[in-house]
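1. sequence unknown, structure follows:
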């Protein structure tokens, strides 16, 4: 009898757990995106110097590598997520200011913002409705990211605009893959931590936004 | 070379150093794709590419 109860109850319990992780992740992601946008607005209004982007990103990376893994399973993990996303949002200020100073800057920023939203919602919706398992993409995505980072490092010294554009295009494709991969992990992996998932999805959204800004800025007629 | 370039290079180098072990582990441990799996992943990514081209045309 117990065995029968277990076999009937378990899929329902798993489904509830999956729904809970998805709900928590998207709730926290919405809150962090709003906070990040608020910090970006503060940064734009205070006309922060370009170095702010680098320092904020460096600080956020240190938190992701050294603090988040230790706090993700506790309540303090939420504070760390807001610190990471707030820092990254604040770092966006000088970048946004630079694009907004272009003749059609507000259109570029608005299109990149809307485009990022459409891409994220479309891919998440696809992964959630098809419920496909994209776990097989993990190795490919991480190896691809490594290649892109090496390319970006080389281009700091080479300064080839076409290569920079190509890197941005590849980042958009890789981050799209990461959105599918992470969403699928929430559905298929049992012990997924919603704090880690939020940061992972936030990083994909952030990178798509930055890359779209660069692509639209470089290809714009003005 | 300005400080922004040096800082960016250091940050990217740190990312590569931190990502390398994870990428190696993921390449070793990722499950094999079943027939049709890649098609299911590539189609939405191609849709994203098409959408970005549309955005470029609009702006």
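-> Noted; the coordinates are in hand. All values derive from a computational prediction rather than experimental measurement.
2. Quick check: which helices or strands does the least confident helix or strand in chain A by mean pLDDT pack against?
-> Least confident helix or strand, chain A: helix A:2-45 with a mean of 82, by mean pLDDT, DSSP states H and E. With contacts defined as 3 or more Cβ pairs under 8 Å, 6 or more residues apart in numbering or on different chains; DSSP states H and E, the secondary structure elements packing on helix A:2-45 are helix A:76-100, helix A:161-188, helix A:194-219. Every C-beta, even on glycine, is put in place using the N, C-alpha and C of the backbone.
3. okay, now residue 27: neighbour count?
-> By default, I'm working from chain A. When neighbours are counted by other Cβ atoms under 10 Å in any protein chain shown, residue A:27 registers 12.
4. switch to chain B, that's the one I care about
-> 14.
5. residues in contact with it?
-> A:139, A:142-143 (Cβ atoms under 8 Å, 6 or more residues apart in numbering or on different chains).
6. Compare those and tell me which has the most neighbours.
-> residue A:142 leads those on contacts (other Cβ under 10 Å) with 21 neighbours.
7. does that residue really touch residue B:18, like I thought?
-> No: using Cβ atoms under 8 Å, residue A:142 makes no contact with residue B:18, being 11.3 Å away.
8. Using the three-state scheme, assign residue A:48.
-> coil (DSSP: H, G, I helix; E, B strand; the rest coil).
9. Quick one: low-confidence residue ranges for chain B.
-> B:1 (pLDDT under 70).
10. Chain A now?
-> Applying pLDDT under 70 to chain A flags the ranges A:1-13, A:221-222.
11. cutoff 90 now
-> A:1-20, A:103-104, A:189-192, A:219-222 (pLDDT under 90).
12. contacting residues around the closest residue to residue A:149 other than its chain neighbours?
-> Distance criterion Cβ to Cβ, 6 or more residues apart in numbering or on different chains; nearest residue to residue A:149, sequence neighbours excluded, is residue B:16 at 4.9 Å. Neighbour list for residue B:16: A:146, A:149-150, A:153 [criterion: Cβ under 8 Å, 6+ apart].
13. hmm, 10 Å instead?
-> A:145-147, A:149-150, A:152-153, B:23 (Cβ atoms under 10 Å, 6 or more residues apart in numbering or on different chains).
14. do the same with residue A:156
-> Applying Cβ under 10 Å, 6+ apart, the residues near residue A:156 are A:164, B:1, B:4-9, B:12.
15. Mind picking the one among the contacts of residue B:16 that's closest to residue A:101?
-> In terms of Cβ to Cβ, no member of these lies closer to residue A:101 than residue A:152, at 23.9 Å.
16. what number of residues lie near that closest one?
-> 20.
17. how close does it sit to residue A:160?
-> 12 Å (Cβ to Cβ, to the nearest Å).
18. what is in contact with those two at once?
-> residue A:167.
19. Secondary structure element for the closest residue to residue A:91 other than its chain neighbours, which one?
-> Spatial nearest neighbour of residue A:91, excluding adjacent residues (Cβ to Cβ, 6+ apart): residue A:56 at 2.9 Å. Assigned by DSSP states H and E, residue A:56 falls within helix A:51-62.
20. Please, where are all the helices along chain B?
-> Along chain B, the segments classed as helices by DSSP state H run B:3-29, B:37-58.
21. And the next helix-or-strand element following the helix holding residue A:56, what's buried?
-> The helix or strand immediately downstream of helix A:51-62 is helix A:68-71, counting by DSSP H and E. By neighbour count on 16 or more other Cβ atoms under 10 Å in any protein chain shown, the buried set for helix A:68-71 is A:68, A:71.
22. again with stretch A:120-140
-> A:120, A:122-124, A:126-127, A:132-140.
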